[in-house]
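1. Pasting a predicted model and its sequence here:
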Amino acid sequence: PPWDRAALWSSPLRRAVETAELLSGRAPRITPALTEMHWGEWEGQHGRALLADPDSGYRHIEDWGWHYRPPGGETPAELAARLAPWLAGLQRDAVAVCHIGVMRVLLARAHGWGFDGPCPFAIKRNRLYLLTLDGDRLSAAPEPLRLIPREGTK
């Protein structure tokens with residue numbers, strides 16, 4: 001509580017929908033806006049392996065900037081633009097079950113971070129990151145809430 005009464009949203013990917021259902025006991029509304037950042041040719045690969053290949057073009061997140069594009073993929077700025085209409089349409093408190101790339105972009109906006117220099121936040125599992133939307137401005141609570149199991153669940 002009180003997030004159990006918020007509008008529930010999910011990426012259309014099955015693992016996100018299932019997580020939303022497990023967390024809440026109800027079906028989420030689904031939007032493609034919450035789909036993970038498109039990694040193009042790097043889809044399914046690990047940053048460590050890409051960094052080991054000097055021809056990959058991959059670099060650390062602190063050196064991306066908003067317009068860094070994986071080959072054939074999507075930039076953080078493009079993901080932010082994809083999220084903007086969904087954000088603008090929110091009418092009440094909402095919980096979104098999504099992916100780390102989406103979280104990075106939302107938290108980067110909320111913290112005023114441009115994917116340049118040390119990241120001012122850490123993304124951890126089992127957390128609820130509280131963001132406030134005021135017009136088109138996002139802000140973040142200082143600390144996320146740790147999710148705890150509901151009674152009767154593991």
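-> Everything's here; your move.

2. and the gap between the residue minimising distance to the centre of the chain and Gly25?
-> In the chain, the C-alpha nearest the mean C-alpha coordinate belongs to Met103, at 2.0 Å (C-alpha atoms, centre = their mean). Here Met103 is placed at a distance of 23 Å from Gly25 (C-beta to C-beta, to the nearest Å). The way it works is simple: take the backbone N, C-alpha and C, and place the C-beta from them, glycine included.

3. that older thread, for the residue nearest to the centre of the chain, helix, strand, or coil?
-> Judged by DSSP: H, G, I helix; E, B strand; the rest coil, the three-state class of Met103 is helix.

4. Can you give me the buried ones in the lengthiest helix in the chain?
-> As assigned by DSSP state H, the longest helix anywhere in the chain is helix 76-89. In terms of neighbour count (16 or more other C-beta atoms under 10 Å), helix 76-89 has its buried residues at Pro76, Ala77, Glu78, Leu79, Ala80, Arg82, Leu83, Leu87.

5. about what we covered before: can you tell me which residues contact the closest residue to the residue nearest to the centre of the chain other than its chain neighbours?
-> The shortest distance from Met103 to any residue other than its chain neighbours is 5.2 Å, reached at Ile123 (C-beta to C-beta, 6 or more residues apart in numbering). If you count contacts by C-beta atoms under 8 Å, 6 or more residues apart in numbering, Ile123 has them with Ile100, Met103, Arg104, Leu107, Tyr129.

6. Are any of these buried, and if so which?
-> Neighbour counting with 16+ other C-beta under 10 Å marks Met103, Arg104, Leu107, Tyr129 as buried within those.
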